[in-house]
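Engineer: got a predicted model here, sequence first, then my questions.
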Amino acid sequence: MSEEKKQEQEQNLPSTDEIIELEWEEVENIFNIRNAWLDADSRLSSLLLSFEKQKAVLLARSQELEAMMYETGSNLRDEKQISDEVTYELKLPSAQGEKGYFLRKDS
């Protein structure tokens with residue numbers, strides 16, 4: 001080490017070198033923390049991607065079931081020969097085995 005460097009270290013002056021070498025022991029903890037952070041970030045990304053895929057499947061299924069419900073109700077209305085000129089609301093039973101009703105909705 002040059003005499004100048006020794007004097008800087010003895011006087012506790014901040015280093016101004018272009019490259020400051022660090023030993024493994026000095027950076028090991030930071031290295032391990034970064035790897036743990038990268039692993040957590042990767043796992044979070046996978047979890048969120050999986051969640052979004054499942055959400056898309058469930059949303060599509062929900063839309064499909066809603067469309068089927070309205071189509072089936074419309075078909076039932078046609079079977080019962082209920083006039084299209086009057087608005088009816090379909091009241092479904094609250095429990096299995098009970099009756100349902102088409103209720104006329106007058107304005």
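Structural biologist: That came through, no problem.
Engineer: show me where the chain has helices.
Structural biologist: Applying DSSP state H to the chain gives helices spanning 3-10, 24-79.
Engineer: nearest to Thr87, out of the ones you listed?
Structural biologist: Closest approach to Thr87 among the helices of the chain (CB to CB): helix 24-79, 10.9 Å. No exception for glycine: its C-beta is placed from N, CA and C like everyone else's.
Engineer: which elements pack onto that closest one?
Structural biologist: With contacts defined as 3 or more CB pairs under 8 Å, 6 or more residues apart in numbering; DSSP states H and E, helix 24-79 has these neighbours: strand 88-91.
Engineer: quickly run through the sheet partners of the strand it packs on, with directions.
Structural biologist: strand 101-104 (antiparallel) (DSSP bridges).
Engineer: contacts for the strand it pairs with next, please.
Structural biologist: 77, 80, 82, 86-91 (CB atoms under 8 Å, 6 or more residues apart in numbering).
Engineer: also stretch 61-71?
Structural biologist: Contacts of stretch 61-71 (CB under 8 Å, 6+ apart): none.
Engineer: can you list the buried residues in it?
Structural biologist: Judged by neighbour count using 16 or more other CB atoms under 10 Å, stretch 61-71 contains no buried positions.
Engineer: avg pLDDT for it?
Structural biologist: Model confidence over stretch 61-71, given as mean pLDDT, is 98.
Engineer: now the helices of the chain in TSV, with distance to Tyr101?
Structural biologist: TSV is the format used below for these (distance: least, CB to CB, whole Å):
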stretch	distance to Tyr101
helix 3-10	92
helix 24-79	11
